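K.L.:
Dropping a prediction and its sequence here:
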Amino acid sequence: QVQLVESGGGLVQAGGSLRLTCAASGRIFRRYAMGWFRQAPGKEQEFVAAISWSGDSTYYADSVKGRFTITGDNAKNTVYLQMNSLEPEDTAVYYCAAKTMWATRSARDYNYWGQGTQVTVSS
């Protein structure tokens with residue numbers, strides 16, 4: 001089993017920045033791709049960003065491309081989501097997820113999930 005714990009959420013004004021952190025623990029003996037997803041009230045969960053285990057490949061939703069950056073630190077079993085130029089539309093609960101093999105954009109592919117962290121962007 002792999003446990004994921006997100007942190008770094010909070011309240012920020014539009015145009016501001018936040019950095020989310022996802023710390024993994026447990027039986028981390030495989031190569032995991034990591035993803036960030038979000039869910040706003042009354043909306044379906046959506047893909048935000050993903051990174052391969054090696055860090056060589058990253059993927060972004062069009063809505064965050066150029067504003068968000070996903071990075072990983074394998075030595076610390078941690079993945080980050082740097083969010084800049086935040087907009088009220090980014091308000092959501094952000095979830096970290098892990099899967100074996102390659103990174104994908106589909107939440108159904110991910111086996112392990114964190115509890116989520118709230119991000120609120122005020123206008």
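P.N.:
Thanks, I have it.
K.L.:
Show me the strands in the chain, by range?
P.N.:
For the chain, applying DSSP state E gives strands covering 2-7, 10-13, 18-26, 32-39, 46-51, 58-60, 68-73, 78-83, 92-100, 112-113, 117-122.
K.L.:
do you know which of these lies nearest residue 106?
P.N.:
Ranking these by proximity to residue 106 (Cβ to Cβ) places strand 46-51 first, at 7.4 Å. Backbone N, C-alpha and C define where each C-beta goes, glycine included.
K.L.:
Extract the C-alpha trace of the closest one and format it as PDB.
P.N.:
In PDB, the C-alpha atoms belonging to strand 46-51 read as follows (Å, rounded to 0.1, in the frame of the first residue of the first chain):
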ATOM      1  CA  GLU A  46     -10.800  16.900 -13.700                       C
ATOM      2  CA  PHE A  47      -7.200  16.200 -14.600                       C
ATOM      3  CA  VAL A  48      -4.700  19.000 -13.700                       C
ATOM      4  CA  ALA A  49      -1.100  17.600 -14.300                       C
ATOM      5  CA  ALA A  50       0.900  14.400 -14.200                       C
ATOM      6  CA  ILE A  51       4.600  13.400 -14.200                       C
END
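K.L.:
List the buried residues for that strand?
P.N.:
Residues of strand 46-51 classed as buried by neighbour count (16 or more other Cβ atoms under 10 Å): 47-51.
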